[in-house]
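Student: coords please:
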Amino acid sequence: MFQARLSRQALVSCLTLIALVAVNFCVFPVLAAEKARLRVENYDIDAELNPRAHKLTAKAKVRFTALDDLSAATFELHNALRPTKVTDETGKALQVERISQDNAIRVGLPDGLAKGKTTTLDFEYEGTLESADDSPVPGVKLASIGEDTSYLLYAGRWFPVSNYGINRFTATIRVTLPAHMTVIGSGTPTVTNFGESRPIAASAERPVPSSERPVLSRKKTTASNSKKTIATKKATASPDGKSEAEKKDKAPPEKTDAAQPVPGSALPRKTWTFTWDKPSFPGTIIAGIFTETKPAGTGANVHVFFKPAKQVYANAYGETAGKEFVYFAGLYSASLTPNLNLVEIPDDSVPSAWAPEIAAISSRAIQQKTNYRLLANTISRQWWGGAVSPATRDDWWITDGCARFSEARYVESAAGEAGLEEMVKDMSVGALAYDTVPLSTTAKLDYFSPEFQSVVTDKGAMILHMLRWLVGEPKYLKTMREFATKYAGKSASTADFQALAEENYGQKLTWFFSQWLDSTGAPEFKTKYTVYRLGNNKGFRVVGQIDQDLDLFRMPVELKIDTDGKTEQKRIEVVGTNSPFTIETFGRPRRISVDPDNRVLTNSKEIKLRSSILRGQGLIQQGDLAGALGEFNKALEVNKNSSLCHYRIAEVFYLQKNYQAAANAYRESLNGDGDPRWTEVWSHLQLGKIFDTTGQRERAVNEYRQAIQTNDNTSGALDEARKYMQKPFEREKAN
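Tutor: Numbering: from 1, shown residues only. The predicted structure follows:
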């Protein structure tokens with residue numbers, strides 16, 4: 001889920017968010033897996049945001065159906081939000097119990113609710129959403145209200161949620177907040193301003209604010225005038241994305257015909273209404289001071305909402321998003337909606353989030369080099385999650401795995417076989433890092449744990465990668481397209497997917513799905529063979545066998561035989577621990593490779609190394625630095641010259657402020673195998689920071705200079721190096 005790159009900011013976020021996926025809803029529920037007892041059909045929500053006080057005041061009318069006889073109804077609700085009143089259909093007040101450990105509330109139903117019956121509850125609640133203290137996922141902000149940006153992610157449980165990520169619902173959401181802010185939600189919005197309601201057309205009445213102070217008022221403009229204003233500011237923008245006008249932070253506000261706020265009074269307010277009438281997950285609201293861009297020629301209706309500082313990248317990201325949207329529509333089927341809003345969210349939240357018509361990415365991900373991988377994963381959620389969702393928590397791999405492999409497919413289309421190969425290596429590491437629980441029983445795991453993320457996302461993707469190889473490209477594409485079409489707007493199970501795959505393949509695939517879903521482990525292939533010369537110059541015969549240690553294993557693999565002449569390839573059915581093969585070649589065989597194109601999930605020296613490193617990073621996220629060092633040392637036993645492993649060890653020492661040990665480890669990284677390449681520039685950069693911190697400015701400058709000489713700007717390394725060449729690095733003080 002995370003790129004194998006690291007900057008100072010990325011390090012912090014990686015340690016905080018390594019258990020999350022930019023992928024799916026980005027976070028997962030804390031409640032233990034249990035049978036759902038009710039199904040929400042519809043929400044009607046009125047939410048008022050007070051950015052200055054970071055406060056949410058809301059009313060939610062929740063219509064639901066009992067799946068069992070109920071004496072109480074339980075919903076997840078952010079711990080920072082306090083129910084002030086809950087009433088039934090008759091207006092009778094009901095008792096509410098807060099279950100803090102589960103971020104939930106329990107509403108008593110004095111008269112009960114019989115199975116199959118539908119009723120409505122009215123919730124009134126309020127609270128302050130500013131920090132991550134009461135977040136459903138500890139330490140990660142999923143709902144926040146601020147003067148610059150407010151975001152209420154579905155994952156943040158800012159309204160009463162049932163059976164997160166599985167219970168599809170419709171919704172009408174009204175959001176009232178200061179008039180200068182733009183709101184993004186699922187569905188075409190209407191706005192109420194001065195008593196007038198009307199749809200919001202693209203680029204109509206969108207404010208183009210300063211990044212340094214909010215717009216308190218503006219003239220009413222036509223859509224064309226608004227576009228002209230945007231064009232004027234873009235024409236005068238400096239390289240940092242800000243126009244000269246925007247930099248005049250003390251300029252007096254322009255006099256307009258609109259109502260002006262009186263000093264000390266409340267700002268003018270608007271109400272935005274979003275209606276989503278197709279059962280899905282339309283529970284995300286993002287509001288802020290955005291500039292809207294509509295890239296041309298993308299083949300999709302993409303609107304980009306970036307802050308002024310990132311506006312310079314809006315067209316590039318919008319164009320890429322449009323290409324990816326069209327690519328997935330061609331690969332699977334038309335989306336439930338032709339619209340996509342690409343939105344910037346603050347770095348204090350998750351790397352990415354999605355909802356119907358929304359793809360949100362963090363500010364740090366918006367750089368000069370378009371992060372097309374993160375975009376592809378997030379946009380593919382319109383199909384895998386938005387259109388098709390899991391029937392149960394044990395089926396979660398269907399959406400997360402499909403989204404991850406969709407990312408891989410787009411990388412393959414953009415960067416070729418080499419790009420896919422790198423992605424498969426990444427997915428293999430994630431699939432085997434915590435391979436102790438079968439994929440079909442992952443509901444027993446905490447959904448925000450590294451174990452769940454690795455297995456569901458990466459092993460799920462690897463299952464699709466192997467299925468593609470097993471059944472062949474045409475049958476695989478037919479299966480995925482029919483699956484996306486047949487279950488659009490519905491929940492789907494593993495059994496549903498397997499049945500469709502078998503129908504298109506023409507054979508039973510019970511052995512395949514049982515092996516990869518119900519079991520753990522992966523083979524490590526070894527070969528032994530003998531070469532015989534055939535008489536009369538007819539070539540050579542290779543007789544050998546493939547060995548691996550899983551007794552029940554079955555899978556076709558490819559053998560590649562490099563010879564003096566033509567390279568030979570043959571598909572071999574590997575069954576059990578020993579599988580014999582015989583191959584005839586014209587040229588003398590020089591080398592035999594098993595699965596050279598990584599079609600099968602296998603254990604190898606490199607995978608074991610990187611899996612140990614990934615587990616170590618997970619332990620850092622959990623605060624277990626000693627355990628992390630133990631995992632990194634295991635990795636060194638596999639490859640003592642691993643630059644990546646030494647770099648990760650240095651990070652731990654740096655976090656502990658053990659600067660001498662950190663410096664030694666960064667030096668070891670520089671003297672290692674140089675894989676991956678970015679470890680060189682970042683080791684020099686981190687050494688420079690250590691020297692600055694310890695008062696050795698001349699040595700620090702030398703390291704920054706060597707970092708610049710690598711000409712490797714991974715994660716903005718060169719930008720940081722140039723910055724600290726001018727001004728010494730100062731480590732942030734702990735709160």
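Student: report the outermost residue of the chain with respect to its centre.
Tutor: Among residues of the chain, the one most distant from the C-alpha centroid is Asn536; the distance is 60.8 Å, by Cα atoms, centre = their mean.
Student: how far away is that one from Thr582?
Tutor: Separation of Asn536 from Thr582 (Cβ to Cβ, to the nearest Å): 19 Å. From N, CA and C alone the C-beta is placed, and that goes for glycine too.
Student: next one: Glu631
Tutor: 42 Å.
Student: who has more neighbours, those two?
Tutor: Taking Glu631 and Thr582 together and counting by other Cβ atoms under 10 Å, Glu631 has the greater number of neighbours (22 against 13).
Student: wait, what's in contact with the more buried one?
Tutor: For Glu631, the contacting residues are Ser612, Ile613, Arg615, Gly616, Leu619, taking Cβ atoms under 8 Å, 6 or more residues apart in numbering as the criterion.
Student: mind telling me what element it is part of?
Tutor: Secondary-structure assignment from DSSP states H and E places Glu631 in helix 625-638.
Student: what of Val701?
Tutor: Using DSSP H and E, Val701 falls within helix 697-709.
Student: quick one: residues contacting Asp692.
Tutor: Contacts for Asp692 (Cβ under 8 Å, 6+ apart) come out as Ala700, Tyr724, Pro728, Phe729, Glu730.
Student: just checking, Gly460 touches Gly430?
Tutor: No: taking Cβ atoms under 8 Å as the definition, Gly460 is not a contact partner of Gly430, at 9.8 Å.
Student: pretty sure Lys61 sits in a strand.
Tutor: Yes: with DSSP: H, G, I helix; E, B strand; the rest coil as the criterion, Lys61 is assigned to a strand.
Student: which residues does the closest residue in space to it that isn't next to it in sequence bridge with?
Tutor: Counting by Cβ to Cβ, 6 or more residues apart in numbering, Asp44 is the residue found nearest to Lys61 once chain neighbours are left out, at 4.1 Å. Taking DSSP bridges, one finds Lys61, Thr172 as the beta-bridge partners of Asp44.
Student: just checking, Asp44 touches Ala58?
Tutor: No: counting by Cβ under 8 Å, Asp44 sits too far from Ala58 to count as a contact (11.2 Å).
Student: okay, these two: which has more neighbours?
Tutor: Comparing Asp44 with Ala58 by other Cβ under 10 Å, the one with more neighbours is Ala58, at 22 against 17.
Student: which ones are touching that one?
Tutor: Ala58 sits next to Ile45, Asp46, Ala47, Glu48, Leu81, Phe123, Glu124, Tyr125, Glu126, Trp158, Phe159 when contact means Cβ under 8 Å, 6+ apart.
Student: and it, helix, strand or coil?
Tutor: Secondary structure state of Ala58, per three-state DSSP, is strand.
Student: kindly calculate the angle that the lengthiest helix in the chain makes with helix 625-638.
Tutor: Taking DSSP state H as the criterion, the chain has its longest helix at helix 397-433. Counting by axes from the mean of the first three to the mean of the last three Cα atoms, to 10 degrees, helix 397-433 lies at 70 degrees to helix 625-638.
Student: next structured bit after helix 397-433?
Tutor: Reading on from helix 397-433 to the C-terminus, the next helix or strand found by DSSP H and E is helix 450-453.
Student: report all helices and strands that that next one contacts.
Tutor: Identification of packing neighbours for helix 450-453 by 3 or more Cβ pairs under 8 Å, 6 or more residues apart in numbering; DSSP states H and E yields helix 605-621.
Student: tell me the mean pLDDT for the helix it packs on?
Tutor: Per-residue pLDDT values across helix 605-621 average out to 88.
Student: now swap in stretch 335-345 and tell me
Tutor: Averaging pLDDT residue by residue across stretch 335-345 gives 93.
Student: how far away is Arg554 from Leu609?
Tutor: From Arg554 over to Leu609 the distance is 27 Å, taken as Cβ to Cβ.
Student: likewise Ala143?
Tutor: Computed as Cβ to Cβ, the Ala143 to Leu609 distance reads 39 Å.
Student: how many neighbours does the nearest residue to Ala492 once chain neighbours are set aside have?
Tutor: Distance criterion Cβ to Cβ, 6+ apart; nearest residue to Ala492, sequence neighbours excluded, is Val388 at 5.4 Å. Other residues near Val388 come to 25 when the count uses other Cβ under 10 Å.
Student: was I right about Val388 contacting Ala484?
Tutor: Yes: with contact taken as Cβ under 8 Å, Val388 and Ala484 are classed as touching, separated by 6.1 Å.
Student: ok, back up a step: pick out whichever of Ala143 and Leu609 has more residues nearby.
Tutor: Regarding Ala143 and Leu609, a neighbour count based on other Cβ under 10 Å identifies Ala143 as having more, with 28 against 21.
Student: any idea how far the more buried one lies from Gly156?
Tutor: 3 Å.
Student: go on, Ser454?
Tutor: Here the criterion is Cβ to Cβ. By it, Ser454 lies 24 Å from Gly156.
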